[in-house]
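Participant: next input, structure requested:
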Amino acid sequence: QVRLVESGGGLVQAGGSLRLSCAASGSIFSVRDMGWYRQTDGKQRELVATITTPGSTNYADSVKGRVTISRDSAKNLVSLQMDRLRPEDTAVYYCYARLSVTGSTWIFNNYWGQGTQVTVSS
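Facilitator: Purely as a prediction, here's the structure:
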């Protein structure tokens, strides 16, 4: 059993900052990628940022320069520092991890957190 638990969402004024964190726990053998996606009503879930095990990062164009993803691989933690937030950043943010579990060490699957609401007021 694998769990991803997010924290740090909330309400912030435009121009403000929030930091999201996510901890993965359970029978984890190896984590390949971790990251964040977001979703608003009626739209598909979209990439915000991802980070690989070696530390390579990928950001959506809409957040480049305003968002920084970081990871503590030893603790299976991923964080998302969001600055200069805009109303259009309002969404439910989902933590993501691609990992393998003990007993199936060569099979990598995608796991998701339950989501945390970020609301940016204008």
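
Participant: tell me the confidence at the residue positioned nearest the centre of the chain?
Facilitator: Centroid-nearest residue in the chain, with Cα atoms, centre = their mean: residue 36, separated by 2.4 Å. Note for residue 36: predicted pLDDT of 98.

Participant: and the nearest residue to it once chain neighbours are set aside, what helix or strand is that in?
Facilitator: If you skip the residues right next to it in sequence, residue 36 has residue 48 as its closest partner in space, 4.3 Å away by Cβ to Cβ, 6 or more residues apart in numbering. Yep, even glycine has a C-beta here, placed from its N, CA and C like the rest. Assigned by DSSP states H and E, residue 48 belongs to strand 46-52.

Participant: starting from the helix or strand that that strand is followed by, tell me which strands it pairs with and how they run.
Facilitator: With elements assigned by DSSP H and E, the helix or strand that comes after strand 46-52 is strand 57-59. When pairs are called by DSSP bridges, strand 57-59 turns out to pair with strand 46-52 (antiparallel).

Participant: how about residues contacting the strand it pairs with?
Facilitator: Strand 46-52 is contacted by residues 32-39, 57-60, 63, 67, 69-71, 78, 80, 93, 96 when judged by Cβ atoms under 8 Å, 6 or more residues apart in numbering.
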